[in-house]
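S.K.: All I have is the shape, not the residue letters:
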């Protein structure tokens, strides 16, 4: 839908993921969207170098999210949210709905 604007359908889906989850790490994004990890990392690093995203370390994991200092952050978020309204409910449920609780590990408390 917005791939002509962003230059890539994968970049569009990564941005949809980040707008719906707030933050994410490359391996999680690649696993959920079914993309190659290297492709996701490259897109995230390109967006970070352009100032659109920020990254921070949380332990040994690098999390990515929208840069609050990006001058067009509100407009970009608004565009992505509007575009998500045109996605099928199945696609939104499958890829872009954040988990409400952590996974169960099976270990007794």
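M.R.: Happy to help now that I have it. Just so we're clear, the structure is a prediction, and the values are computed from it rather than from any experiment. Residues are numbered from 1 along each chain as shown.

S.K.: for stretch 6-23, which positions count as buried?
M.R.: 6, 10-21, 23 (16 or more other CB atoms under 10 Å). Every residue, glycine included, has its C-beta placed from N, CA and C.

S.K.: Need the max-distance pair from those residues.
M.R.: Spanning the widest gap among these are 6 and 23, at 19.3 Å by CB to CB.

S.K.: Out of the buried residues of stretch 6-23, flag the one nearest to residue 39.
M.R.: Nearest to residue 39 among the buried residues of stretch 6-23, counting by CB to CB, is residue 10 at 6.1 Å.

S.K.: what's the helix or strand for that closest one?
M.R.: For residue 10, the host element (DSSP states H and E) is helix 9-21.

S.K.: Which residues outside that helix are in contact with it?
M.R.: 1-3, 6, 24, 29, 32-33, 35, 39-40, 43-44, 47, 53, 64-66, 76-77, 80-81, 83-84, 87, 92, 95-98 (CB atoms under 8 Å, 6 or more residues apart in numbering).

S.K.: now the residues you listed: which count as buried?
M.R.: Buried among the contacts of helix 9-21 by 16+ other CB under 10 Å: 2, 6, 24, 29, 32-33, 35, 39-40, 43-44, 47, 53, 64, 66, 76, 80, 83-84, 95-96.

S.K.: Out of these, list just those in helices.
M.R.: Using DSSP state H, 6, 29, 32-33, 39-40, 43-44, 47, 76, 80, 83-84 are the members of those that sit in helices.

S.K.: separation between residue 36 and residue 43?
M.R.: 10 Å (CB to CB, to the nearest Å).

S.K.: got it, and residue 56?
M.R.: On the measure of CB to CB, residue 56 and residue 43 end up 18 Å apart.
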